[in-house]
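Visitor: I'll drop the sequence and a predicted model, then ask my questions.
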Amino acid sequence: MYEATLKLKCSHPDIVKQSLEPDIKNDETVETQLTAEKDFLVIVIKSKKLNYLKAVMNSYMSLVNMLEEVDKIG
């Protein structure tokens, strides 16, 4: 099993976590856990396939970046 931990700096990690949680779909191939810390969102991803791990990592990094940009506008 492959595993990656992303620690992404966020201005509002609790809100970002709540925004992402409905889209988490854990199954036999991929497992994802989100944790909000003071200034960071920690994402732990485990996958049986390396290409799935990479895809999920890229998706979460893009989504968090987009949410941070929306926060700057608002």
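Guide: Now that the structure is in, tell me what you want to look at.
Visitor: how far does the helix or strand of the chain with the lowest mean pLDDT sit from the chain's center?
Guide: When each helix and strand of the chain is scored by mean pLDDT, DSSP states H and E, helix 50-73 comes last, with a mean of 90. Here the centre of helix 50-73 is set off from its chain's centre by 7 Å, with C-alpha atoms, centre = their mean, to the nearest Å.
Visitor: Pull out the buried residues from it.
Guide: Applying a neighbour-count criterion of 16 or more other C-beta atoms under 10 Å, one finds Leu53, Val56, Met57, Tyr60, Val64, Leu67, Glu68 buried in helix 50-73. Where C-beta positions appear, they are placed from N, C-alpha and C, glycine not excepted.
Visitor: Next, the contact list for the first one, please.
Guide: What that stands for is Leu53. Tyr2, Glu3, Ala4, Val30, Ile45, Lys46, Ser47 (C-beta atoms under 8 Å, 6 or more residues apart in numbering).
Visitor: can you do 6 Å?
Guide: Contact analysis of Leu53 by C-beta atoms under 6 Å, 6 or more residues apart in numbering lists Tyr2, Ala4, Ile45, Ser47.
Visitor: Name the nearest residue to it, sequence neighbours excluded.
Guide: Spatial nearest neighbour of Leu53, excluding adjacent residues (C-beta to C-beta, 6 or more residues apart in numbering): Ser47 at 4.0 Å.
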